[in-house]
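>>> no sequence on hand, only this structure:
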């Protein structure tokens, strides 16, 4: 078997090298489509991206390829069925992207991809919105399946579910999954929407934080007031909002919402030690985002705070006058968007309710408070003793030359726990991006080496998974 895998790996490397330019050109073509799901003005482009994926699935040999309309943006489905006896892998990805704002901070137009070399990507990276999140990473799965088919080495049944609403909360995906539960049955769900520490230090993500996303509004007087005539006599909604937000943390940077930590699952010191041993160097972390000092919950490392501890952050705040020059007003309203990242055992709906109760309770007299829950999702932990994890570990080892370590990710993919709830299937997270790839930010990019190694690793995963599946 070992010789077989060595031969397969050599075939993959040779084929990837021969097809390198084509693989890059295909990704660049895909990245030119501004599939921004949050902006209705781009609805036609989102549809165009769905059609692009449909055609891509047909080209790699999928049957039963179909675009399923939803009340929002469509879901694209395709499948490669090898045998009733073969294991089935369900691949999930998304073709929608974040808005590119602020445009002025991009060094090149966000939907005109360019390749540039960087310190962390000496072989070049593709700069474009969606390059890493998630077009580049999702496309790796199509190209891995194509690679296996071209070499007459298909291993597993592969089902693809590619949606267009991940960046706006996947509001209609659960209904699609529920309505097509039988069609989507599989032995493992495979997602590439996470990352590795570096090319030299790969990792497999074994945990994701959950998310609760809120919006708050503070209303004072019935209109904007002249600050000279009314200043010092009425509650200023912006001042009040700032005071309320500041009170949400104590001096140790712990969240002060009653009950917030009650269900937090504490991990062992041994697991914490292993995680931190393989984590990013703190000086590198500070340098990568241009800060002089880190800040966070007392008693925990930077890696702990980014992965296994819950957080509360203000994502946006506005009110009053912010145009050119001066306008002396006391605003009628002030607003903020607040997100909370959650850890295992915290339920996002429960945390949302606790936040709303607390925020309204701390409001002073003289203002009205409105709290809106936008969306959320629960945390997720995937097992490291499964055949899928073992297959991934072997594939990473073969491609990267080292055994990957397990890591918890600070981000959220709310659909992962939903998949398990509806389909009863575990998820394996095989991401290849870097933290420095600027996802959701200007100048997002994805390393060409990461892209190609990702394709190779995924193809080898399918081979290992089939053999381990039948050996169990």
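Noted; the coordinates are in hand. Keep in mind that this is a model prediction, so the values were computed, not measured. Residues are numbered from 1 along each chain as shown.

>>> quick check, distance from stretch 383-393 to the centre of its chain.
21 Å (C-alpha atoms, centre = their mean, to the nearest Å).

>>> next, the buried residues of the lengthiest helix in the chain.
Identified as the longest helix of the chain according to DSSP state H is helix 2-31. Neighbour counts over helix 2-31 (16 or more other C-beta atoms under 10 Å) mark 5, 8-9, 11-12, 15-16, 19, 23-24, 26-28, 30-31 as buried. Where C-beta positions appear, they are placed from N, C-alpha and C, glycine not excepted.

>>> now for the residues you listed, which pair is the farthest apart?
Using C-beta to C-beta, the pair of these lying farthest apart is 5 and 31, separated by 32.6 Å.

>>> if we can go back for a sec, sort the buried residues of helix 2-31 by pLDDT and name the bottom one.
Ranked by pLDDT, the buried residues of helix 2-31 bottom out at residue 5, which has 59.

>>> which residue, other than its chain neighbours, is closest to residue 460?
Nearest residue to residue 460, sequence neighbours excluded (C-beta to C-beta, 6 or more residues apart in numbering): residue 395, at 3.9 Å.

>>> hmm, the one you found is touching residue 454, no?
No: using C-beta atoms under 8 Å, residue 395 and residue 454 do not qualify as a contacting pair, with a distance of 10.4 Å.

>>> who touches the residue nearest to residue 460 in this structure?
Neighbouring residues of residue 395 by C-beta atoms under 8 Å, 6 or more residues apart in numbering: 457-458, 460-461, 463-464.

>>> at 10 Å instead, please
For residue 395, the contact set (C-beta atoms under 10 Å, 6 or more residues apart in numbering) comprises 5, 9, 204, 404, 430, 456-465.

>>> which helix or which strand is home to it?
Secondary structure from DSSP states H and E places residue 395 in helix 387-400.

>>> continuing past that helix, what's the next helix or strand?
Past helix 387-400, the next helix or strand by DSSP H and E is strand 405-409.

>>> what does that following strand contact?
193-197, 201-209, 267, 271, 274-275, 277-280, 303-304, 306-308, 343-344, 379-382, 384, 389, 393, 396, 429, 431, 435.

>>> which strands and helices sit next to the following helix or strand past that strand?
Counting by DSSP H and E, the next helix or strand C-terminal to strand 405-409 is helix 415-423. If contacts are counted by 3 or more C-beta pairs under 10 Å, 6 or more residues apart in numbering; DSSP states H and E, helix 415-423 sits against strand 88-94, strand 157-163, helix 173-179, strand 188-191, strand 368-377, strand 380-381, strand 427-429.

>>> run the angle between helix 415-423 and strand 368-377 for me.
70 degrees (axes from the mean of the first three to the mean of the last three C-alpha atoms, to 10 degrees).

>>> could you measure from residue 157 over to residue 187?
From residue 157 across to residue 187, the span is 9 Å (C-beta to C-beta, to the nearest Å).

>>> which residues are common contacts for the two?
Common neighbours of residue 157 and residue 187 (C-beta under 10 Å, 6+ apart) are 86-90.

>>> now the residues you listed in JSON lines, with pLDDT and neighbour count?
Compiled in JSON lines, those are given as follows (pLDDT from 0 to 100; neighbours: other C-beta atoms under 10 Å):
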{"residue": "86", "pLDDT": "94", "neighbour count": "20"}
{"residue": "87", "pLDDT": "97", "neighbour count": "23"}
{"residue": "88", "pLDDT": "98", "neighbour count": "20"}
{"residue": "89", "pLDDT": "98", "neighbour count": "27"}
{"residue": "90", "pLDDT": "98", "neighbour count": "23"}
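
>>> farthest pair in the residues you listed?
The widest separation within the shared contacts of residue 157 and residue 187 (C-beta to C-beta) is 13.3 Å, between 86 and 90.

>>> intersection of neighbour lists for the two?
Contacts common to residue 86 and residue 90, judged by C-beta under 10 Å, 6+ apart, are 157-158, 187.

>>> does residue 47 really touch residue 34, like I thought?
No: using C-beta atoms under 10 Å, residue 47 is not in contact with residue 34; the gap is 11.9 Å.

>>> identify the residue nearest residue 470 in space, chain neighbours excluded?
Using C-beta to C-beta, 6+ apart, the closest residue to residue 470 is residue 87 (7.9 Å).

>>> how about the helices in the stretch 201-350 of the chain?
With DSSP state H, counting those that start in this stretch, the ranges of helices along the stretch 201-350 of the chain come out as 227-230, 237-246, 269-277, 282-289, 302-307, 348-361.

>>> buried members of the contacts of residue 395 into PyMOL, please.
The buried residues among these can be selected in PyMOL (16+ other C-beta under 10 Å) with this line:
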select buried, resi 5+9+204+404+430+456+457+458+459+460+461+462+463+464+465
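
>>> find the nearest non-adjacent residue to residue 356, please.
Nearest to residue 356 is residue 371, by C-beta to C-beta, 6+ apart, at 4.3 Å.

>>> picking that back up, of the buried residues of helix 2-31, which is the nearest to residue 254?
residue 31 (41.1 Å).

>>> okay, the residue lying farthest from the centre of the chain and residue 247: tell me how far apart.
Largest separation from the mean C-alpha position in the chain: residue 229, at 48.8 Å (C-alpha atoms, centre = their mean). For residue 229, the distance to residue 247 (C-beta to C-beta) stands at 29 Å.

>>> again, but for residue 334
With C-beta to C-beta as the criterion, residue 334 and residue 247 are 15 Å apart.

>>> who has more neighbours out of these two?
residue 334 (23 against 12; other C-beta atoms under 10 Å).

>>> who's the more buried one bridged to?
residue 218, residue 319 (DSSP bridges).

>>> isn't it right next to residue 242, touching?
Yes: applying C-beta under 10 Å, one finds residue 334 in contact with residue 242, separated by 8.2 Å.

>>> anything in contact with each of those two?
Common neighbours of residue 334 and residue 242 (C-beta under 10 Å, 6+ apart) are 218, 236, 317, 319.

>>> so the last one makes contact with residue 367?
No: taking contact to mean C-beta under 10 Å, the distance of 12.0 Å between residue 319 and residue 367 leaves them out of contact.

>>> now do the shared contacts for those two.
With C-beta under 10 Å, 6+ apart as the test, residue 319 and residue 367 both reach 217-218, 220, 236-237, 241, 333-334.

>>> which parts of the stretch 1-150 of the chain are strands?
63-68, 75-80, 88-94, 114-116, 125-127 (DSSP state E, counting those that start in this stretch).

>>> re the thing from before, narrow the shared contacts of residue 319 and residue 367 to those that are buried.
217-218, 220, 236-237, 241, 333-334.

>>> residue 65 - how many residues pack around it?
Neighbours around residue 65, by other C-beta under 10 Å: 18.

>>> residue contacts, the residue nearest to it when sequence neighbours are not counted?
Sequence neighbours aside, residue 78 is the residue nearest to residue 65 in space, at 4.1 Å (criterion: C-beta to C-beta, 6+ apart). By C-beta under 10 Å, 6+ apart, the residues touching residue 78 are 53-54, 56-58, 60-67, 91, 142, 145, 158-162.

>>> buried subset of those residues?
For the contacts of residue 78, buried by 16+ other C-beta under 10 Å: 53-54, 56-57, 60, 62, 65, 67, 91, 142, 145, 158-162.

>>> since that was my last question, I'll sign off now.
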